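Engineer: Sequence unavailable; structure follows:
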């Protein structure tokens, strides 16, 4: 019994729920239909009133009242006819929700590529414009509603005033005129009211039809793929796929033994050039075949015209293409395996192709990709066995102008960074760095110190030379850079009117170049101490430095007069 009762209750609730859903789903369409019928009736009344006005004016033109007013009456009939056509169009659109203009496509059209191109891109731009114009349309409808409400209020005031005047009029002629005016205002009132209701309904539909941006983009993509965009996209995909397959086949061919030889022969380069041209032609043919099988004659014709235009324009570029072809065949002014200068820096031409490669192993990031056209104005030369690709390497020590001594911590095709002993880092552009003619100390260096002695010591010259050499050895042997000393020489190097010159030459290996300034100071100190201990008179004490290819010449004593 309980089970039967529960089943009965479940059926009653289910039927009630189903009835509620059906009622809710059908209630709104019925209200919309009734409202639509009301608007249709109002539109029909406006159409009938407009037709009556046109007939009335036509009768007036045929009567004596229209004599001399034919032009004004004709203009008024024209305006009413346009208005009648608009009302009839609105009536049909409201009744069927279809515009009659969509069926008016039987006109004969002539081919015009500009019109076809416009049709190709017009739907896309129209949808984009529609996406941004919806707020403006809603604002325009709201403005029209405000204007129509003001006009409706004016019409109501006019009818109210006529209703107040007419009951108090006894003159039949005046009464007829006022009744005619009242009928005119009633027609206007009814027309404005109808237009107001239609505009409100359009605004309501705009708010209902308002979509999210993702839905609008989805519809835009659907529109694009329903038109020629689908064929265009498919054609480009096939073009890219054909190009990729041809490229993969070329890579497989290059793995065979004849193509592994280096440098590549002219025959292999000729094969590559022909293969590139064939790849482009086959890819283009595949694109045109897709458009042909899709039956898209407009895009097919457009691409054929485009190809013919490129071929026609290529007549003026044939000399430039011929130069590029000669370079690819390794018969031009730039050849693979030779050296060229690019931005003032030497590079080896590692590979010549549509995208060529220049390399300099002494530079960080010294691998540059260049398009083939950039090689047209270059000139290459054979590489020497002792070719200097760059004067320094990373970690080398150099001397630059203005007594700058430092270590190379980075050198690229764009910048060179030099770190001085104190830790300061100086950056130069690579071109500026090369202009400064850096002196590399890392392969070995020597320091030359020149001393001017008073001429009274000329008789003791040999003793002075031996003593200075021994003192320099003793001084350097106690320093941390003593293991880098290769040799010390003391020589007679010149004579003047009041003094003679002796030179001390200290030779060091490149591993101790970071002690360059310390070595120089030690030699100075040793010379000064030895001279003071032996009471040797030096003509002039201040030192003058002069850089000569990794050697600092230091002069102690007056400058010699050149006679």
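Structural biologist: Happy to help now that I have it. Just so it is clear, the model here is predicted, and its values are computed rather than measured.
Engineer: just checking, residue 501 is part of a helix?
Structural biologist: No - looking at residue 501 with DSSP: H, G, I helix; E, B strand; the rest coil, it is strand, so not inside a helix.
Engineer: Would you check how far apart it and residue 469 are?
Structural biologist: 16 Å (Cβ to Cβ, to the nearest Å). Heads up, the C-betas are built off the backbone N, CA and C, glycines and all.
Engineer: ditto for residue 172
Structural biologist: Distance from residue 172 to residue 469, by Cβ to Cβ: 150 Å.
Engineer: Look at the two and report which has more neighbours.
Structural biologist: Between residue 172 and residue 469, counted using other Cβ atoms under 10 Å, the more crowded position is residue 469 (18 against 8).
Engineer: Surely the more buried one touches residue 487?
Structural biologist: No - between residue 469 and residue 487 there is no contact under Cβ atoms under 8 Å: 10.2 Å.
Engineer: Skipping adjacent residues, who's closest to residue 329 in space?
Structural biologist: residue 269 (4.8 Å; Cβ to Cβ, 6 or more residues apart in numbering).
Engineer: how many other residues sit next to the one you found?
Structural biologist: 20.
Engineer: Next secondary structure after the helix or strand hosting it?
Structural biologist: Using DSSP states H and E, residue 269 sits in helix 266-294. Heading C-terminal from helix 266-294, the first helix or strand you meet, by DSSP H and E, is helix 297-313.
Engineer: That following helix: which residues count as buried?
Structural biologist: 298, 299, 300, 302, 303 (16 or more other Cβ atoms under 10 Å).
Engineer: surely the third one meets residue 288?
Structural biologist: Yes - with contacts defined as Cβ under 8 Å, residue 300 counts as touching residue 288 at a distance of 6.3 Å.
Engineer: what are the ranges of the strands in the stretch 401-550 of the chain?
Structural biologist: Taking DSSP state E, counting those that start in this stretch as the test, the strands found in the stretch 401-550 of the chain are 404-411, 415-420, 425-429, 439-440, 445-454, 485-495, 499-508, 543-548.
Engineer: can you give me the offset of the fifth one from its chain's centre?
Structural biologist: The gap between where strand 445-454 is centred and where its chain is centred comes out at 62 Å by Cα atoms, centre = their mean, to the nearest Å.
Engineer: Give the buried residues for it.
Structural biologist: Using 16+ other Cβ under 10 Å as the test for burial, strand 445-454 gives 445, 446, 447, 448, 449, 450, 451, 452, 453.
Engineer: circling back to that earlier point, for the strands of the stretch 401-550 of the chain, please prepare TSV with the additional fields mean pLDDT and distance to residue 151.
Structural biologist: Conversion of the strands of the stretch 401-550 of the chain to TSV gives the following (pLDDT from 0 to 100; distance: least, Cβ to Cβ, whole Å):
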stretch	mean pLDDT	distance to residue 151
strand 404-411	90	80
strand 415-420	91	76
strand 425-429	90	76
strand 439-440	88	94
strand 445-454	84	101
strand 485-495	83	110
strand 499-508	85	105
strand 543-548	33	97
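Engineer: quick one, which of those is nearest to residue 356?
Structural biologist: Among the strands of the stretch 401-550 of the chain, the nearest to residue 356 by Cβ to Cβ is strand 404-411 (22.9 Å).
Engineer: Need the residues that contact the closest one.
Structural biologist: 362-364, 390, 392-400, 416-421, 425-426, 430, 433, 441, 514, 516-517 (Cβ atoms under 8 Å, 6 or more residues apart in numbering).
Engineer: Kindly recompute the last result at 6 Å.
Structural biologist: Here strand 404-411 makes contact (Cβ atoms under 6 Å, 6 or more residues apart in numbering) with 363, 392, 394, 396, 397, 399, 417, 418, 419, 420, 516.
Engineer: Show me the residue at the heart of this protein, geometrically.
Structural biologist: The chain has residue 371 as the residue nearest its centroid, 18.8 Å off, counting by Cα atoms, centre = their mean.
Engineer: Next, find the distance separating that one from residue 352.
Structural biologist: Distance from residue 371 to residue 352, by Cβ to Cβ: 11 Å.
Engineer: count of residues packed around residue 205?
Structural biologist: Neighbours of residue 205 (other Cβ under 10 Å): 11.
Engineer: Which elements pack onto the strand or helix carrying it?
Structural biologist: With secondary structure defined by DSSP H and E, residue 205 is part of helix 172-208. Applying 3 or more Cβ pairs under 6 Å, 6 or more residues apart in numbering; DSSP states H and E, we find helix 172-208 packed against helix 2-62, helix 113-165.
Engineer: What mean pLDDT does it get?
Structural biologist: For helix 172-208, the mean per-residue pLDDT is 82.
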